[in-house]
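In: Give me a 3D structure for the following:
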Amino acid sequence: MKPTPTQRPAGREPLQAGQRRSLVGNTLWNLAGTFLPLLVGLAVIPPLLHALGIERFGLLSLIWMLTGYLGLLDLGLGRALTKLVAEAAGHARRDDLPRAVWTGLGLMSGFGAIGALALALAAEPLARRLLNIPAPLQAEAVGAIGFLAVSIPVAIATTGLRGVMEGLHLFRLANLIRVPLAALTFLAPLAVAVVTPDLALVSASLLGVRLVGLAAHWIACLWALPALAQPRRPDRALFRLLLGFGGWLTVTNVVGPLMTYLDRFVIGALFDLAAVAYYTTPYELVTKLLLVPFALTAVLFPTFSRALAQRSEASAPLMVRSIAAVFVVILPIVMFGVAYAREGLGLWLGEEFASHSFRVGQWLAAGVLMNSMAQIPFTFVQGAGRPDWIAKLHLLELPFYFLALWWALDAAGIVGAAIAWTVRVSVDAVALLWMAHVVAPSGIRFPRRLGFAVALACAALVCVALIESTLVRGLIVLGATGASAMLLWGLSFGSEPLESAAARSGL
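Out: Okay, the predicted model is just below:
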């Protein structure tokens, strides 16, 4: 007999509690999980640099970078597992979840083991020949790379378990685990370095932190899904499903960063390192704003996956409201940044640096506004199970962007590179909105006020970039920001709050 609406099947409480987390609350937890470790890193890096010395710290930075880069070995399976778990939970197919999780973890651990073996075999050539490591440090470097190799399958399996938690909407618990672990990524090397600067032992401490993280995520997943305690035989059909989704995600994860860093390499090839610095500094500053939509889309992805699997027509209004919410949050910061880019960079890095960089920062800030909104339809299309569309779009964009970048650099220098980047992400946003319209159950109706607010913001950005008067720029910033926010406030947080729209979509 099927349970009545007031009855709960045994063991469902953790999942139901996770589903009812507010969309805004989960996003704030994700932001805390991102920013708090950054603050710890800012405090720990100076004494760590002092304890290790510049050469060993450079090697540790390389290890940190390799750890992030080798995360690509999950081949998009972490997000694929999130989608699979969210869809199964949305259909109340809880009996399917343990097999799906074990299948996904088995795949990810296998790829992680292959990567670990390859890196372990490459440790000696890397340390002694390929990298410019001083001879006295080469033995330490070999040991450090060895511990890094062992940590790869651990880190990838942890990514899979975090994907399971996100599929169950356990964002608060996931970030309560993530924050101390990310802090330990800085604190554990410092604790070892105070005793001995040996990089192999420092790398061993990072492996210990990752093992603790794996155990913490596994315990959390067992709490949410006690049936995971019993191993399940992998499902071949799920292999194909996960690899198909994850494979296209991997294409996006490779091509996307390539387009992100392409401008710097081309600038370095055509100009000097000073030009790279003038371009990269404002880029790194303004693109930090993307952490806000990234925090939101991590919550939206399982929500969209579940709602679109059920063909819920409420998914499209939720997407539109989410775009409006991102616009309301990001616009004031972008407006202020464009209006006072020269003054801000001058106070921070000096007038000479600002004179070369402020136009770059203005164009990139406008691009970040468009790219922030584009993250919502990007996630919507992935949630609909069409990561292949996004991957093909990026593959199509890459050669055109390279040619446009080369031409723009020749025509307008590093400001031209910023214009090319902004045009690319704007075209990308329009293409993603069209894709979202196609995959939505009943299409998407974009409110006129959303289009009007974006047009108003673009006009205001042009004005504050060109007007000399500081006071007039400030008035335009206040007026345009206020008008755009009023137009969209009701759409984002009005009669039906964003989290209520999420609840109608299946959250």
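
In: quick one: average confidence on stretch 456-470?
Out: Mean pLDDT, stretch 456-470: 86.

In: For that stretch, buried residues please.
Out: 456-457, 460-461, 463-465 (16 or more other Cβ atoms under 10 Å). No exception for glycine: its C-beta is placed from N, CA and C like everyone else's.

In: next one: stretch 437-454
Out: In stretch 437-454, counting by 16+ other Cβ under 10 Å, buried: 437, 439-440, 444, 447, 449-450, 453-454.

In: Next, check those residues against the helices and list the overlap.
Out: Mapping the buried residues of stretch 437-454 onto helices (DSSP state H) picks out 437, 439, 449-450, 453-454.

In: Could you pull up the residues touching Leu66?
Out: Leu148 (Cβ atoms under 8 Å, 6 or more residues apart in numbering).

In: Tell me how far it lies from Ala144.
Out: Leu66 sits at a distance of 10 Å from Ala144 (criterion: Cβ to Cβ, to the nearest Å).

In: Likewise for Ile133?
Out: In terms of Cβ to Cβ, Ile133 sits 10 Å off from Ala144.

In: More neighbours: which of those two?
Out: Ala144 (26 against 20; other Cβ atoms under 10 Å).

In: SS state for the more buried one?
Out: Three-state call for Ala144 (DSSP: H, G, I helix; E, B strand; the rest coil): helix.

In: in terms of contact, does Thr250 touch Gly76 like I think?
Out: Yes. At 4.7 Å, Thr250 counts as touching Gly76 under the criterion of Cβ atoms under 8 Å.

In: Find me whatever residue is spatially closest to Ile414, sequence neighbours aside.
Out: Tyr279 (4.5 Å; Cβ to Cβ, 6 or more residues apart in numbering).

In: Below-threshold pLDDT in the protein: ranges please.
Out: Scanning the chain for pLDDT under 70 picks out 1-22, 65, 68-72, 89-96, 130-132, 273, 485, 487-507.

In: what residues does stretch 342-352 touch?
Out: 281-282, 337, 353-355, 357-358, 361, 470.

In: Output the residues you listed in JSON lines, with distance to Trp102 and secondary structure appended to each entry.
Out: What follows is the contacts of stretch 342-352, written out as JSON lines (distance: Cβ to Cβ, whole Å; DSSP: H, G, I helix; E, B strand; the rest coil):
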{"residue": "Thr281", "distance to Trp102": "46", "secondary structure": "helix"}
{"residue": "Pro282", "distance to Trp102": "46", "secondary structure": "helix"}
{"residue": "Gly337", "distance to Trp102": "47", "secondary structure": "helix"}
{"residue": "Phe353", "distance to Trp102": "54", "secondary structure": "helix"}
{"residue": "Ala354", "distance to Trp102": "55", "secondary structure": "helix"}
{"residue": "Ser355", "distance to Trp102": "59", "secondary structure": "helix"}
{"residue": "Ser357", "distance to Trp102": "51", "secondary structure": "helix"}
{"residue": "Phe358", "distance to Trp102": "54", "secondary structure": "helix"}
{"residue": "Gly361", "distance to Trp102": "48", "secondary structure": "helix"}
{"residue": "Thr470", "distance to Trp102": "61", "secondary structure": "helix"}
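
In: Filter those residues down to the buried ones.
Out: The neighbour-count criterion (16+ other Cβ under 10 Å) marks 281-282, 337, 353-354, 357-358, 361 among these as buried.

In: and Ile267, how many neighbours does it have?
Out: By other Cβ under 10 Å, neighbour count at Ile267 equals 22.

In: Sorry, slip of the keys, the one I care about is Ala118.
Out: A count of nearby residues for Ala118, using other Cβ under 10 Å, gives 13.

In: now Gly76
Out: Neighbours around Gly76, by other Cβ under 10 Å: 23.

In: leaving aside the residues next to it on the chain, what's closest to it?
Out: Leu249 (2.8 Å).

In: Now do the contacts for the one you found.
Out: 75-76, 79-80, 382, 387, 391.

In: list the buried ones in the helix or strand containing it?
Out: Secondary structure from DSSP states H and E places Leu249 in helix 236-270. Buried residues in helix 236-270, counting neighbours by 16+ other Cβ under 10 Å, are found at 238, 241-243, 245-253, 255-256, 259, 262-263, 266-267.

In: and what of stretch 470-485?
Out: 473, 476-477, 480-481, 484-485.

In: which other residues reach it?
Out: So stretch 470-485 is contacted by 327-328, 331-332, 335-336, 339-340, 343, 453, 456-457, 459-460, 463-464, 467 (Cβ under 8 Å, 6+ apart).

In: picking that back up, overlap of the contact sets of Ile133 and Ala144?
Out: Leu59.

In: any idea whether Gly413 is helix, strand or coil?
Out: helix.

In: Hmm, it is touching Asp272, no?
Out: No. Counting by Cβ under 8 Å, Gly413 sits too far from Asp272 to count as a contact (11.7 Å).

In: In terms of neighbours, single out the busier of those two.
Out: Gly413 (19 against 10).

In: Show the contacting residues for the more buried one.
Out: 271, 275.

In: Could you list the buried residues of the helix or strand hosting Lys83?
Out: Element membership of Lys83 [criterion: DSSP H and E] is helix 77-90. Using 16+ other Cβ under 10 Å as the test for burial, helix 77-90 gives 77-90.

In: what's downstream of that helix, the next helix or strand?
Out: helix 97-125.

In: Mind putting the ones in helices among the buried residues of stretch 437-454 into CSV with distance to Ala116?
Out: Formatted as CSV, those follow (distance: Cβ to Cβ, whole Å):
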residue, distance to Ala116
His437, 43
Val439, 37
Arg449, 53
Leu450, 47
Ala453, 49
Val454, 47
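
In: now, which of those residues sits nearest Phe57?
Out: Val454 (44.3 Å; Cβ to Cβ).

In: And the closest one, how close does it get to Val209?
Out: Note on Val454: its distance to Val209, by Cβ to Cβ, is 43 Å.

In: Which parts of this structure belong to which domain?
Out: Listed by automatic domain parsing, the domain ranges of the chain are 13-234, 246-504.

In: Let's see which of the buried residues of stretch 470-485 end up in helices.
Out: 473, 476-477, 480-481, 484-485.

In: so can I have TSV of those showing distance to Leu161?
Out: Listed next are those as TSV, based on distance: Cβ to Cβ, whole Å:
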residue	distance to Leu161
Arg473	49
Ile476	48
Val477	44
Ala480	44
Thr481	41
Ser484	40
Ala485	39
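
In: from those residues, which two are the most distant?
Out: Arg473 and Ala485, at 18.1 Å, using Cβ to Cβ across those.

In: Spell out which residues sit in contact with Ala366, please.
Out: Counting by Cβ under 8 Å, 6+ apart, Ala366 touches 334, 338, 422, 458, 461.

In: by contact count, what packs against the host helix or strand of the second one?
Out: If I follow you right, that is Val338. For Val338, the host element (DSSP H and E) is helix 315-339. Secondary-structure packing of helix 315-339 (3 or more Cβ pairs under 8 Å, 6 or more residues apart in numbering; DSSP states H and E): helix 291-309, helix 351-383, helix 448-466, helix 470-493, helix 498-504.

In: nearest to Leu433, of those?
Out: helix 351-383 (5.1 Å).

In: in that closest one, what counts as buried?
Out: So helix 351-383, judged by 16+ other Cβ under 10 Å, has buried residues 353-354, 356-383.

In: Quick one: work out the angle between it and helix 315-339.
Out: Angle of helix 351-383 versus helix 315-339, following axes from the mean of the first three to the mean of the last three Cα atoms, to 10 degrees, is 180 degrees.

In: roughly how far out does helix 351-383 sit from the chain middle?
Out: Put simply, helix 351-383 sits 15 Å off its chain's centre (Cα atoms, centre = their mean, to the nearest Å).

In: quick one: it to helix 448-466, angle?
Out: Going by the same axes, to 10 degrees, helix 351-383 makes 160 degrees with helix 448-466.

In: Give me the distance between Ala465 and Leu369.
Out: For Ala465, the distance to Leu369 - Cβ to Cβ - is 13 Å.
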